[in-house]
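Peer 1: Build me a model from this:
(2 chains)
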Amino acid sequence: MNWLKLFRRRKNSDQEIAAQRLRLVLAHDRANLSPGMLDMLKDEIIAVISRHLEIDADKVEVNFTEDQRETRLVADIPLSSPRRRAL
Amino acid sequence: MAGKIITISSGKGGVGKTTITANIGLGLAMLGARVICIDADIGLRNLDVMLGLENRIVYDIINYIEGRCRFRQALVRDKRFPELFMLPAAQTRAKDAISIEQMKSVAHEAAQMVDYVLIDSPAGIEHGFRCASAPAELVLVVANPEIASVRDADRVVGLLEAETNTPARLIINRIKPEMVQRKEMLAPEDVVDMLAIDLIGLIPEDPEILTASNRGNPIVLNNGSPAGKAFLDISRRLQGEDVPFAPLKPPSFFQRLLGSH
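Peer 2: Numbers count the residues shown, from 1 in each chain, chains lettered A, B, ... in the order given. Model prediction:
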């Protein structure tokens, strides 16, 4: 159905994809840190935190956020659930 | 009082710097201002053909710097507006033929004569860009609504912030309203938001920009066209007028039928 296709396109439009890719590229450019370096940084953060806390390493997210021309590195590090820790 | 020195820059090549310089320069002249447009793209001179003044060139900026002519002799007077001048780039010299200090001194000398000095910067972020932006009180950063161009524009904004702290305003060129409407092109709002500098112009893609340039009569002279009006609006904003940004409309069915778009 044509209108279904229209609906789908709006959700994941070329415009949105371009905007998302551009935001990411700008964040890396501004911070002067390549995507590969960011992955390495993430691994190191996981290693350091793991020495002190039990964390859920698979769910760790380390990303840039942009607020005007200010870039932040935001790490979201979920701890392992208390139930699992009790075992 | 010395005139205001404004540089037009973009990082990426081919996004419309020279066309914009010619149109804004003419626009300011149409509004009654005295203007000198300096072509700082040494070795790749093009502002002359954009303005339709290529046959009137005698000397160029390097001739002046090397003392072969007086400043006024190097200027080419516009054929439509007697208060508009162009200072041509040298065509057969390397980009580093001018130092930053020399460019500053030329721009300040020009500013003594007129209300506005517009400097058309070469592409790139090296010496040519640094020369062109060094004397500027304001830099107009040109971007097209596509990833590569916005990315390069962001580098220019970053360099200006880090090195000279020169204020920058954004011109988004080659917007295709019908593609933005179909969500196939970056929306101007998104580009403004990402680059985080104030907007001064939105210019729609218009085949008439090319046909006008072909004849050496920049489109701003055609006040009725949307692109011509967009250029004149930028000139008005530079003069301090508060001109609202009209939403860009895709060409209507009838306009397309008539083949003007």
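
Peer 1: what residues does stretch B:61-71 touch?
Peer 2: Applying Cβ atoms under 8 Å, 6 or more residues apart in numbering or on different chains, the external contacts of stretch B:61-71 come out as B:38-40, B:42, B:58-59, B:73-74, B:87-90, B:93, B:97-98, B:102, B:106, B:109-110. For every residue, glycine as well, the C-beta is placed using N, CA and C.

Peer 1: Report the distance from it to the chain centre.
Peer 2: Remark: stretch B:61-71 is offset 24 Å from the chain centroid, using Cα atoms, centre = their mean, to the nearest Å.

Peer 1: what's the neighbour count on the nearest residue to B:Ala94 once chain neighbours are set aside?
Peer 2: Among residues not flanking B:Ala94 along the chain, B:Gly43 sits closest, at 6.1 Å (Cβ to Cβ, 6 or more residues apart in numbering or on different chains). B:Gly43 sits with 15 neighbouring residues when counted by other Cβ atoms under 10 Å in any protein chain shown.

Peer 1: Can you give me the pLDDT of B:Gly43?
Peer 2: Per-residue pLDDT puts B:Gly43 at 92.

Peer 1: again, but for B:Ile172
Peer 2: Reported pLDDT for B:Ile172: 98.

Peer 1: give me the beta-bridge partners of it?
Peer 2: Per DSSP bridges, the residues bridged to B:Ile172 are B:Ala143, B:Leu202.

Peer 1: which residues touch it?
Peer 2: B:143-145, B:188, B:191-192, B:199, B:201-203.

Peer 1: 7 Å - rerun?
Peer 2: Neighbour list for B:Ile172: B:143, B:145, B:188, B:191, B:202-203 [criterion: Cβ atoms under 7 Å, 6 or more residues apart in numbering or on different chains].

Peer 1: out of those residues, who has the most neighbours?
Peer 2: Going by other Cβ under 10 Å, B:Ala143 tops those with 30 neighbours.

Peer 1: now that one: how far from B:Gly224?
Peer 2: 26 Å (Cβ to Cβ, to the nearest Å).

Peer 1: which strand residues sit across from B:Val76 in the sheet?
Peer 2: B:Met86.

Peer 1: what about it, how many residues close to it?
Peer 2: B:Val76 has 24 nearby residues by other Cβ under 10 Å.

Peer 1: With pLDDT as added columns, please give the contacts of B:Ile172 in JSON lines.
Peer 2: Below are the contacts of B:Ile172 laid out as JSON lines (pLDDT from 0 to 100):
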{"residue": "B:Ala143", "pLDDT": "98"}
{"residue": "B:Pro145", "pLDDT": "97"}
{"residue": "B:Pro188", "pLDDT": "96"}
{"residue": "B:Val191", "pLDDT": "97"}
{"residue": "B:Leu202", "pLDDT": "97"}
{"residue": "B:Ile203", "pLDDT": "97"}
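
Peer 1: which pair in the residues you listed spans the largest distance?
Peer 2: Longest distance between any two of those is 12.5 Å, between B:Val191 and B:Ile203; criterion Cβ to Cβ.

Peer 1: now the helices for the stretch 51-200 of chain B?
Peer 2: For the stretch 51-200 of chain B, the helices defined by DSSP state H, counting those that start in this stretch cover B:61-65, B:71-74, B:100-113, B:127-133, B:147-159, B:177-181, B:188-195.

Peer 1: Next: chain A.
Peer 2: With DSSP state H as the criterion, chain A has helices at A:2-11, A:14-31, A:35-50, A:82-86.

Peer 1: ok so, going back, out of the helices of the stretch 51-200 of chain B, which is closest to B:Gly16?
Peer 2: That would be helix B:147-159 among the helices of the stretch 51-200 of chain B, by Cβ to Cβ, at 9.7 Å.

Peer 1: next one: phi and psi at B:Glu137?
Peer 2: Main-chain dihedrals, B:Glu137, degrees, to the nearest 10: phi -90, psi -20.

Peer 1: ok, it - contacts?
Peer 2: B:4-6.

Peer 1: between the residues you listed, which is nearest chain A?
Peer 2: B:Ile6 (21.5 Å; Cβ to the nearest Cβ).

Peer 1: Let me see the contact set for the closest one.
Peer 2: Per Cβ under 7 Å, 6+ apart, neighbours of B:Ile6: B:116, B:118, B:136-138, B:140.

Peer 1: tell me which of the residues you listed is nearest to B:Asp48?
Peer 2: Set against B:Asp48, the nearest of these by Cβ to Cβ is B:Leu118 (14.0 Å).

Peer 1: hmm, back to that, just name the most buried of the helices of the stretch 51-200 of chain B.
Peer 2: helix B:127-133 (a mean of 23; mean count of other Cβ atoms under 10 Å in any protein chain shown).

Peer 1: who's in contact with that one?
Peer 2: Against helix B:127-133 from outside (Cβ under 7 Å, 6+ apart): B:7, B:9, B:40-42, B:95-96, B:98, B:100, B:103, B:119, B:121-122, B:139, B:160, B:164, B:166.

Peer 1: Dump that helix to PDB, keeping only the CA atoms.
Peer 2: The C-alpha trace of helix B:127-133 is given here as PDB (Å, rounded to 0.1, in the frame of the first residue of the first chain):
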ATOM      1  CA  HIS B 127      46.700  30.000   4.300                       C
ATOM      2  CA  GLY B 128      44.200  31.400   1.700                       C
ATOM      3  CA  PHE B 129      41.300  31.100   4.200                       C
ATOM      4  CA  ARG B 130      43.400  32.500   7.000                       C
ATOM      5  CA  CYS B 131      44.400  35.500   4.900                       C
ATOM      6  CA  ALA B 132      40.800  36.200   3.800                       C
ATOM      7  CA  SER B 133      39.300  35.900   7.300                       C
END
